[in-house]
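In: Sharing a model that was predicted from the sequence below.
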Amino acid sequence: MRVPLAWLREYCDPQLEVATIASRLTMTGTKVEAIHHHGVGAVEAFVVGRVLDVTPHPNADRLKVCKVDLGPASTAPATIVCGAPNVASGQTVAVARPGAVMPDGSTLGQGCAA
């Protein structure tokens with residue numbers, strides 16, 4: 001049976017970390033097979049940007065090179081290689097900056113500038 005943490009907190013609000021709750025449930029004989037996380041843990045490396053320009057990637061048919069304004073914290077537009085076929089100038093997009101940890105646990109790196 002799946003038990004959402006929000007449901008558990010609604011009924012008994014243990015005010016413990018998820019791993020501690022799982023450990024205590026296991027100690028009571030309630031088997032915890034898996035803990036599923038949704039979304040990202042730290043949002044600091046994710047920002048909202050505005051696509052300024054989109055051009056085809058010179059060395060790949062399915063990629064695009066985008067110039068993206070990342071807001072006042074950025075001094076110049078970022079150059080981002082994107083695989084989305086529907087990206088267009090003027091769009092507001094979610095941007096994961098280098099160092100962002102994705103939901104699957106992988107960490108984004110920065111590619112080399114050509």
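Out: All right, it came through fine.
In: Residue ranges in the protein under the pLDDT threshold?
Out: 112-114 (pLDDT under 70).
In: hmm, try it at 50
Out: Along the chain, segments meeting pLDDT under 50 are nowhere present.
In: what about the strands in it?
Out: Ranges of strands in the chain, per DSSP state E, are 46-56, 64-69, 78-82, 92-96.
In: Compile the ones you listed into TSV and extend it with columns for mean neighbour count.
Out: C-beta: built from backbone N, CA, C; applies to glycine. As requested, those are exported to TSV (neighbours: other CB atoms under 10 Å):
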stretch	mean neighbour count
strand 46-56	15
strand 64-69	19
strand 78-82	15
strand 92-96	14
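In: Kindly reformat the ones you listed as TSV and extend each row with distance to Val32.
Out: As requested, the strands of the chain are arranged in TSV below (distance: least, CB to CB, whole Å):
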stretch	distance to Val32
strand 46-56	29
strand 64-69	41
strand 78-82	39
strand 92-96	30
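In: Figure out which of those strands is closest to Leu8.
Out: Smallest distance to Leu8 across the strands of the chain (CB to CB): 27.2 Å, for strand 46-56.
In: what residues are up against the closest residue to Leu25 other than its chain neighbours?
Out: Nearest non-adjacent residue to Leu25, counting by CB to CB, 6 or more residues apart in numbering: Val32, 5.3 Å away. Val32 is in contact with Ala22, Leu25, Thr26, counting by CB atoms under 8 Å, 6 or more residues apart in numbering.
In: Now the lengthiest helix in the chain: buried residues?
Out: Longest helix of the chain, by residue count under DSSP state H: helix 18-27. Across helix 18-27, burial judged by 16 or more other CB atoms under 10 Å covers Ile21, Ala22.
In: packing partners for it?
Out: Packing contacts for helix 18-27, counted by 3 or more CB pairs under 8 Å, 6 or more residues apart in numbering; DSSP states H and E, involve helix 5-11.
In: Give me the buried positions along the helix it packs on.
Out: Neighbour counts over helix 5-11 (16+ other CB under 10 Å) mark no residue as buried.
In: First-to-last residue distance for stretch 35-42?
Out: The stretch stretch 35-42 measures 18 Å between its terminal residues, going by CA to CA, to the nearest Å.
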